[in-house]
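Q: Take a look and give me a structure for this.
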Amino acid sequence: MAMCGSEAQWSPRLGRGGPRPDPQTGKFESRSRLLGRTGGAALLIAALGACERSPSEGGTEVPEAEQQPTDGAVGLARATPAPGSVEEGERRAGPPEPRHVRLDGSSEPLAVNHVSTGPRVYAKNLRVWVHERPDGSSRRLGYLRVGASSPTSESAAGFAGCQGGWYPVEPAGYVCVGRQATLDGTDPVVRAMETFRPRPEEKLPYLYGTVRNPGPVFQRLPGIEELREAEPDVDRRMLEWLDAGGEIGASYAQDVWTWGEPPEDPRGAWTAKLTRGVPDFLQNHGMVPNPHLSPRPPTLVLDRMRPKVGYAILDTFLHEGRRYGLTTHAELVPTDRLRPIRGSDFRGVRIGEDVEFPFAFVRHPEAKFVDASGADAGAATYRDVLRLTGKQKFFGKVLHYEVKDGRYISDRHASRLDPAKKMPGWANAGEKWIDINITKQTLMLYEGTTPVYATLVSTGEAGLASAETTTATRRGIFRIHTKHITATMASNESGEEFELRDVPYVQYFESEGYALHGAYWHDRFGMPKSRGCINLSPEDARRVFHWTDPQVPTGWHGALLPLRGTVVFIHP
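A: Numbering: from 1, shown residues only. Next up is the predicted model:
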């Protein structure tokens, strides 16, 4: 019962779970008969979703299950291709994509400007699918997001199911030119959105805020009289916001909206009716571009904010004294109605670089040390990394670990990490893999048999209960099959409705939509917190995302790699 929130629902045709590899050989059970007839369409529904449902980012598109051929099964893993086989050769063809973020957090920012000459194909929809062949029935490799582009050819490679023609993109695949993609670099949607790209060098790829005080969502910047008509209480409400203290007022985290740079004083800007930084396409009553397939009404107010919605914002600017954010869905929201989100600063450690075994993470916020007699020896810092001696001792029938300063800490408050005692077959074969311990709330990355990174996570809040009927995380052995730089997650459950736009660094590994992803809305890593998925801190999610396979090619927003992604081993 995956409950993270998602874009699509699970199809019952494949049942629950999926094949499981043998821990020693790394080989997966065969379900080729099932996959050949029903697997591709059904599983891709889960691959593009998460743990529940949310609106489609691509507008009124034909459902994936109706378009995807049966050879494109996503999420059910199989044995790694044998070295030297044709299949292995195909997988290794072409140069590897650059990894923009390393495990130490350093990055190689993507260039915004186009450095290559010649024709390009541009995405003008929130999700523009890249197909394996110039044919709409071929397998989907991933997708581009509005504003992204790729070098392409002078002429189409084919027209099967695409009136405008299929054009190649780098490093592989084809997109259909038409309503969702164009060869015209001066297209208004392209011109407006091409400079607003995710930022891999930041811990969060966009700016984030959650609705604090719902109000109108605009599709152009209002004049002061239009603003007062749309928000009759705006003058009073702005003064209340400017005077308020704490997280509800103008003094809280306004530098979030300027990517950490000192912002203009909100009171001074409102008093002077300051305008600064407005994009060209929004000047002179310009409308935001529409990156959706469905048309928008030509109105000032496009929608109204809803409680419990988290917005992802490309950039902000001042217009007549008020700061507005341009969202990833091409909407304008007043940032004074949002709570700016910094996101947790917690991050894990590189094993062998930052720390050596044995060590432990303090996972409980009220953890305490005891001395050799069992007496109170002071508070431990939540999520601190403790160097251990390797010695253990029981106090009051509770296991404690000895810290190098001679004090002890309970295993109920700290998670000791050690390398796996018996390496699985995929590790001995040299594969990268992820080890997740639900009891300890830890994640460890391995490159073959070598552990390289460790951190705290938040798994399903139901702990070790059944994932069939609760919000517990499903246990087993899986492979990552679909990755999104960001994806929207939502729940329509009565009393638990929410919508979180552009959850960062989402990696699906299970047929029902369980995923690893960044969580910008809480800072309780080390404690069960999620609705079934595995929550990582923003910085950990960023590092892990760029370490795992499939790699998301430069300029793409998502990638699908059935059966061959990084192994994820989840256990009690």
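Q: Quick one: mean pLDDT for stretch 250-262?
A: Throughout stretch 250-262, pLDDT has a mean value of 97.
Q: Now do the buried residues in it.
A: For stretch 250-262, the neighbour count (16 or more other CB atoms under 10 Å) marks 250-251, 254, 256-258 as buried. Any C-beta I mention is one placed from the backbone N, CA and C, and that applies to glycine too.
Q: could these go into a markdown table alongside secondary structure?
A: Converted to a markdown table, the buried residues of stretch 250-262 look like this (DSSP: H, G, I helix; E, B strand; the rest coil):
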| residue | secondary structure |
| --- | --- |
| 250 | coil |
| 251 | coil |
| 254 | helix |
| 256 | helix |
| 257 | helix |
| 258 | helix |
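Q: Widest-spaced pair of those residues?
A: 251 and 258 (14.7 Å; CB to CB).
Q: Got the domain ranges for the chain?
A: With domains defined by automatic domain parsing, the chain comprises 12-91+422-571, 120-193, 207-341, 358-417.
Q: Give me the pLDDT for the nearest residue to residue 441 once chain neighbours are set aside.
A: Distance criterion CB to CB, 6 or more residues apart in numbering; nearest residue to residue 441, sequence neighbours excluded, is residue 526 at 5.1 Å. pLDDT recorded at residue 526 is 97.
Q: Test my guess that residue 526 contacts residue 458.
A: Yes - using CB atoms under 8 Å as the test, residue 526 is close enough to residue 458 to be in contact (7.3 Å).
Q: Need the residues touching each of the two.
A: residue 441 (CB atoms under 8 Å, 6 or more residues apart in numbering).
Q: If you drop the residues flanking it in sequence, what lies closest to residue 166?
A: residue 134 (3.3 Å).
Q: Residue 322 too?
A: Using CB to CB, 6+ apart, the closest residue to residue 322 is residue 334 (5.8 Å).
Q: Run through the helices of the protein in chain order.
A: 32-34, 40-47, 64-67, 86-92, 188-193, 224-230, 234-243, 266-272, 425-428, 538-547 (DSSP state H).
Q: got the contact list for the residue nearest to residue 166?
A: Counted by CB under 8 Å, 6+ apart, residue 134 has contacts 156-160, 162, 166, 168, 174.
Q: which of those are buried?
A: For these, buried by 16+ other CB under 10 Å: 156, 162, 166, 168, 174.
Q: need the residues you listed in TSV with pLDDT, can you?
A: Conversion of the buried ones among the contacts of residue 134 to TSV gives the following (pLDDT from 0 to 100):
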residue	pLDDT
156	98
162	97
166	98
168	98
174	98
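Q: Which members of the residues you listed define the maximum pairwise distance?
A: The widest separation within the buried ones among the contacts of residue 134 (CB to CB) is 12.9 Å, between 162 and 168.
Q: which residue sits closest to residue 433, ignoring its sequence neighbours?
A: In space, residue 433 is closest to residue 567, 3.9 Å off (CB to CB, 6+ apart).
Q: Pull the number of nearby residues for the one you found.
A: Per other CB atoms under 10 Å, the neighbour tally for residue 567 reads 25.
Q: so it makes contact with residue 478?
A: Yes - here residue 567 reaches residue 478: they are 7.3 Å apart, a contact under CB under 8 Å.
Q: Strands of the stretch 351-500 of the chain, start to end?
A: 359-362, 368-370, 376-379, 385-395, 398-403, 408-410, 414-417, 432-437, 442-447, 450-456, 476-479, 482-491, 498-508 (DSSP state E, counting those that start in this stretch).
Q: per-residue confidence for residue 137?
A: At residue 137, pLDDT is 96.
Q: The residue nearest to residue 433 and residue 432, how far apart?
A: Residue 567 sits 8 Å away from residue 432, taking CB to CB, to the nearest Å as the criterion.
Q: before we move on, what about residue 141?
A: Relative to residue 432, and taking CB to CB, residue 141 is found at 21 Å.
Q: Between these two, which has more neighbouring residues?
A: Neighbour count, other CB under 10 Å: between residue 141 and residue 432, residue 141 has more, with 23 against 18.
Q: any chance of the buried ones among the contacts of residue 134 in CSV, with distance to residue 316 too?
A: Formatted as CSV, these follow (distance: CB to CB, whole Å):
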residue, distance to residue 316
156, 39
162, 37
166, 38
168, 36
174, 36
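Q: Restricted to strands, list these.
A: Counted as lying in strands by DSSP state E, out of these, are 166, 168, 174.
Q: Let me have these in TSV, adding distance to residue 307 as columns.
A: Shown next, in TSV, are these (distance: CB to CB, whole Å):
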residue	distance to residue 307
166	43
168	45
174	42
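Q: just these now: which is nearest residue 504?
A: Nearest member of these to residue 504, counting by CB to CB, is residue 174, at 28.0 Å.
Q: Beta-bridge partners for that closest one, please?
A: residue 131, residue 168 (DSSP bridges).
Q: Number the chain from 13, please
A: With the count now opening at 13, the last piece we talked about shows up as residue 186.
Q: what number of residues lie near the nearest residue to residue 567 once chain neighbours are set aside?
A: In this structure, residue 567 finds its nearest non-sequential neighbour in residue 160, 4.9 Å apart by CB to CB, 6+ apart. Using other CB under 10 Å, residue 160 is surrounded by 23 other residues.
Q: check contacts around residue 160.
A: 134-135, 140, 206, 209, 567-569.
Q: Let's see that with 7 Å instead.
A: 135, 567, 569 (CB atoms under 7 Å, 6 or more residues apart in numbering).
Q: what's the neighbour count on the second one?
A: This points to residue 567. 18.
Q: wouldn't the residue nearest to residue 334 be in contact with residue 339 here?
A: No - the pair residue 346 / residue 339 is not scored as a contact, 11.6 Å apart, by CB atoms under 7 Å.
Q: quick one, which of those two is more surrounded?
A: Between residue 346 and residue 339, residue 346 has the larger neighbour count (other CB under 10 Å), namely 25 against 20.
Q: Just grab the bridge partners of that one for me.
A: residue 336.
Q: again with residue 228
A: residue 316.
Q: so it touches residue 240, yeah?
A: No - Residue 228 lies out of contact with residue 240 (CB under 7 Å); the separation is 11.9 Å.
Q: These two: which has the busier surroundings?
A: Remark: of residue 228 and residue 240, residue 228 carries more neighbours, 19 against 13, as counted by other CB under 10 Å.
Q: and the more buried one, what does it touch?
A: Taking CB under 7 Å, 6+ apart as the test, what residue 228 contacts is 242-243, 313, 316.
Q: Can you tell me which of the residues you listed are buried?
A: 243, 313.
Q: would a markdown table of the contacts of residue 228 with pLDDT and distance to residue 554 be doable?
A: A markdown table is the format used below for the contacts of residue 228 (pLDDT from 0 to 100; distance: CB to CB, whole Å):
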| residue | pLDDT | distance to residue 554 |
| --- | --- | --- |
| 242 | 97 | 37 |
| 243 | 97 | 36 |
| 313 | 97 | 35 |
| 316 | 96 | 32 |
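Q: before we move on, back to that, same list (the contacts of residue 146) but as TSV, adding distance to residue 117.
A: Putting the contacts of residue 146 into TSV (distance: CB to CB, whole Å) gives the following:
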residue	distance to residue 117
168	42
169	40
170	43
171	45
172	44
174	41
178	39
180	34
186	35
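Q: Looking at the residues you listed, which is nearest residue 522?
A: residue 186 (29.0 Å).
Q: Hmm, the closest one is touching residue 174, no?
A: No - the pair formed by residue 186 and residue 174 falls short of the contact definition of CB under 7 Å, at 8.8 Å.
Q: Looking at the closest residue to residue 219 other than its chain neighbours now. What's its pLDDT?
A: Computed as CB to CB, 6+ apart, the closest residue to residue 219 that is not its neighbour in sequence is residue 325, at 4.1 Å. The confidence metric pLDDT takes the value 98 at residue 325.
Q: And for residue 574?
A: 84.
Q: Is it in contact with residue 493, as I believe?
A: Yes - contact criterion CB under 7 Å: residue 574 and residue 493 qualify, at 5.7 Å.
Q: neighbour-wise, which of these two wins?
A: Using other CB under 10 Å as the criterion, residue 574 and residue 493 rank with residue 493 on top: 29 against 24.
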